[in-house]
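In: what shape does this take:
(4 chains)
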2 protein chains.
Amino acid sequence: MLTTDEGLDTQGAVRRANLRRALQLVFLNSGAQTRAGIARATGLTAATASSLVAELIESRLVAEGEQAASTGGKRATTLSVDAGHHLILVLVIQPLRANLVLVALDGTPVASRRVDYTEATRDKILDEVVTSVVTEFGDRLLAAGVQLPGTTDGRVVLESVQLGWESVPLAERFEHVLSVPVLLVNDVDAEAVAEAGLEEAPSGYRLFIHLGGGVGAAVTLDGELAPGPRDRAGEIGHVQVVFGDSARVCRCGQRGCLESAASLEAMLGDQFSDALDVSEICALVASANGGDVDEGARALARAIKLISALLDPTEVVIGGPAAHLGARFLDRVRQESEYPARGTAQVPIRYADPRASLAAGAAQAVLTSVLGVRWNPQQLRAVSPSVSASPD
Amino acid sequence: MLTTDEGLDTQGAVRRANLRRALQLVFLNSGAQTRAGIARATGLTAATASSLVAELIESRLVAEGEQAASTGGKRATTLSVDAGHHLILVLVIQPLRANLVLVALDGTPVASRRVDYTEATRDKILDEVVTSVVTEFGDRLLAAGVQLPGTTDGRVVLESVQLGWESVPLAERFEHVLSVPVLLVNDVDAEAVAEAGLEEAPSGYRLFIHLGGGVGAAVTLDGELAPGPRDRAGEIGHVQVVFGDSARVCRCGQRGCLESAASLEAMLGDQFSDALDVSEICALVASANGGDVDEGARALARAIKLISALLDPTEVVIGGPAAHLGARFLDRVRQESEYPARGTAQVPIRYADPRASLAAGAAQAVLTSVLGVRWNPQQLRAVSPSVSASPD
DNA sequence: CCAACTAAGTTCAGTGATTAAACTTAGTAG
DNA sequence: CTACTAAGTTTAATCACTGAACTTAGTTGG
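Out: Now for the predicted structure:
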């Protein structure tokens, strides 16, 4: 397999880099890419492009398709992502349930399943579910991604308040069972990756802010998670941004935390919970106290302004349940985040695209880490659990 | 030359990558590195290491030194940075003067000069100075770095309020005269790079905050400027962090800007100016209004907390004239930036190392961009203008 | 003082990946 | 039916690294 081994020191690395480039072109233009097209796009020779494609076909990452229409000479053989073999397992762990999706390389889900559990049964049930994947799909498995609330370095769950975990080497545990690489991904990071992946050509920094029961942020660069250690990055919920009388006491004990003002509980009232669906959220929005919403918007805008000034992002995206808060909230955030500094244009702020699915971000993160490749927006949108619930 | 041509496609890229790796080892361990050592450290063969070194010597980037003491067999030939040929030109542009330093590859300054000008004569005098460098050192010039206050993408000065420039293609202009690559660097970015370079093995994100007449920030990752577009990044001076009665009106028109509370004017009074030397600053600190200092510390801490929560940096460094504010200010900043979130350790905050010189950051940035290499702390410290003033 | 050992560094044939150019295949256009 | 065009493939040459043999120059022990 072409395990992404960044670093062009030895010649094998050149081969891997070129395989990656060729594969990326097929992913971005699946069904319309050709050997000649790869040669043109990479600057490599037709001979090399052919050789790369042969290897990719051999590895069952790429498949030949129809003959394309002629453009004056021999008709080209189209290439597309081979959806028939490799599968990526995505496991979305939440406090009381998990969604498991097996995604083909073209983004389509091959199987999905939902399991419910209690805190007490969670570990056992998760192990069972993962084991069942091995017996059913073991030979086709390419890699796995585990999306969860909490901080992680990709291998170990450093801390998850929601799951009650601390320093759990989950990747290692699952790798023993699955025998393929396992990547742990923070849930907000996954959302951010999915959101960025819906752009045709994501470029520059993008600040993603998840607003729900909690508040978290993630930064992507050119569509991937910003490089560098992200262990505890993005945990901005308990930064103080409200001062004076309007600062509320937060559940963390501090006063004036971003979360105490801009979480959906704070803005929509205690009826809000992360389990609500879109229509329920909209109903809450309709009956919400406008003052609370404005206060949340102001608090959020303060955080956005500071971060934007530091990073100069292309765009700020508000995701999570808050993406359904409607025009008033968004307008307020935009207003309050105007930054009068000379020459600095206002950062565009928008809601997340609701077409991003639950499992898409983790799947994309795994695809990047294992094959060094990203899906095009259509493929990414295809990734969706569409869970036909089946509790164990 | 091994112009870092980060286009990782063909096999020549392997050679360039390995040349860079070998050169970096010589830079980090100048005078103590050997061919055998390079082979061991890189995992390449002794044959390859020899061949790489031969090419580096040929390019006059590396020079052979003494024979090292035997470690049981033949004595090794030590390798060091060739300080005898290539020069990096650093031009530090300030509103009313510029410092020009020619730095050898080992970091030692070969020549330096200071020119004073008015806003009206600035452009002409700068051109003259640069031209004079060509006649004197043209054949030895490797690259040039221009450090200036203002936003830049490396090629164009996007905007500099201090210099009254907007969209000035300065790199192009100087390249025409110098015939070597020219890189524009924001002054705070340069400071941050110099500061990070003083660490033996800089790793992770490091947040650098310049506090002087203005306030700016820069983020480094593993000792280099964080990747991605930095055009307008770091301009955090006019973010609102003070609210209520204590919010002062800032010169930008807003109230409660970080700069209005934490700039040295705000904390030390109108007597402060960026032209003061260390002892004058210390004198001002001694007679400063403690309340103003505390207020500035609080404002700064708010910004630090939010950014730290987002980036999870290894360290926060306060630089610029503020590095001489003393224990009280730093203690206050540390206190106020305590972040009670679960599990999150307090971010270490410290003053910048005063040993970083004016031109070091820009020189290091150029070295990275042209040779893909960084100096070791001793070499970096050697870079200093030690300007024996000589107005034109 | 010489033989045995060790480490540094060089030489040279061999291997893997890419290139350039010739060639094959399969279409369109007149 | 011939000329042309574009997609691929084949093959010899080139470039960079490896592995192994070799040279150089030191240390150590008898």
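
In: going forward, measure contacts and count neighbours with C-alpha atoms only.
Out: Will do.

In: where's A:Pro377 relative to DNA strand C, distance?
Out: 28 Å (C-alpha to the nearest atom of the strand, to the nearest Å).

In: ah, wrong one, I meant A:Ser179
Out: For A:Ser179 relative to DNA strand C (C-alpha to the nearest atom of the strand), the value is 25 Å.

In: with A:Asp245 instead?
Out: On the measure of C-alpha to the nearest atom of the strand, A:Asp245 and DNA strand C end up 64 Å apart.

In: again, but for A:Gly164
Out: 46 Å.

In: who's in contact with the closest residue to A:Ala69 other than its chain neighbours?
Out: Using C-alpha to C-alpha, 6 or more residues apart in numbering or on different chains and skipping the chain neighbours, the partner closest in space to A:Ala69 is A:Arg75 (5.8 Å). Counting by C-alpha atoms under 8 Å, 6 or more residues apart in numbering or on different chains, A:Arg75 touches A:Gln67, A:Ala68, A:Ala69.

In: residue ranges of each domain in chain A, please.
Out: A:11-81, A:87-191+A:356-382, A:202-351 (automatic domain parsing).

In: is the shortest one anywhere near DNA strand C?
Out: Yes: applying C-alpha under 7 Å from any atom of the strand, one finds that domain A:11-81 is in contact with DNA strand C at A:11-12, A:14-15, A:18, A:43-48, A:51-52, A:70-75.

In: for that domain, what is the distance to the chain centroid?
Out: 27 Å (C-alpha atoms, centre = their mean, to the nearest Å).

In: hang on, the earlier thing: want to throw the domains of chain A into TSV with mean pLDDT and distance to B:Val370?
Out: Listed next are the domains of chain A as TSV, based on pLDDT from 0 to 100; distance: least, C-alpha to C-alpha, whole Å:
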stretch	mean pLDDT	distance to B:Val370
domain A:11-81	94	22
domain A:87-191+A:356-382	96	27
domain A:202-351	92	22
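
In: out of those, which is closest to DNA strand D?
Out: domain A:11-81 (2.8 Å; C-alpha to the nearest atom of the strand).

In: and DNA strand D, is the closest one touching that?
Out: Yes: Domain A:11-81 lies within reach of DNA strand D by C-alpha under 7 Å from any atom of the strand, at A:11, A:34-37, A:46-47, A:50-51, A:67, A:71-78.

In: can you tell me which of those residues are in strands?
Out: A:Thr34, A:Gln67, A:Thr77, A:Thr78 (DSSP state E).

In: tell me what the first one is bridged to.
Out: Each beta-bridge partner of A:Thr34 is listed here, defined by DSSP bridges: A:Thr78.

In: same thing with the second one?
Out: With DSSP bridges as the criterion, A:Gln67 is bridged to A:Thr77.

In: for it, what are its contacts?
Out: Contacts of A:Gln67 by C-alpha under 8 Å, 6+ apart are A:Arg75, A:Ala76, A:Thr77, A:Thr78.

In: ok now whichever strand or helix holds A:Glu195, how far from the chain's centre?
Out: Applying DSSP states H and E as the criterion places A:Glu195 in helix A:187-197. Computed by C-alpha atoms, centre = their mean, the chain-centroid distance of helix A:187-197 equals 3 Å.

In: output the contacting helices and strands for the helix or strand just after it.
Out: As assigned by DSSP H and E, the chain's next helix or strand after helix A:187-197 is strand A:205-211. Strand A:205-211 sits against helix A:187-197, strand A:215-221, strand A:315-319, with contacts defined as 3 or more C-alpha pairs under 8 Å, 6 or more residues apart in numbering or on different chains; DSSP states H and E.

In: run a quick neighbour tally on the residue lying closest to A:Val278 once chain neighbours are set aside.
Out: Once flanking residues are discounted, A:Val278 sits nearest to A:His324: 7.0 Å by C-alpha to C-alpha, 6+ apart. A:His324 has 19 neighbouring residues, counting by other C-alpha atoms under 10 Å in any protein chain shown.

In: distance of A:His324 from A:Ser337?
Out: From A:His324 over to A:Ser337 the distance is 20 Å, taken as C-alpha to C-alpha, to the nearest Å.

In: any part of the helix holding A:Glu195 near chain B?
Out: No: shown here: helix A:187-197 not in contact with chain B (C-alpha under 8 Å from any C-alpha of the partner chain), separated by at least 11.8 Å.

In: restrict that helix to CA atoms and write it as CSV.
Out: Output in CSV follows, covering the C-alpha atoms of helix A:187-197 (Å, rounded to 0.1, in the frame of the first residue of the first chain):
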residue,chain,number,x,y,z
ASP,A,187,-15.3,15.4,16.5
VAL,A,188,-15.0,19.1,15.8
ASP,A,189,-11.9,18.6,13.8
ALA,A,190,-13.8,16.0,11.8
GLU,A,191,-16.6,18.5,11.2
ALA,A,192,-14.2,21.1,10.0
VAL,A,193,-12.5,18.7,7.6
ALA,A,194,-15.8,17.7,6.1
GLU,A,195,-16.9,21.3,5.8
ALA,A,196,-13.6,22.3,4.1
GLY,A,197,-13.9,19.3,1.8
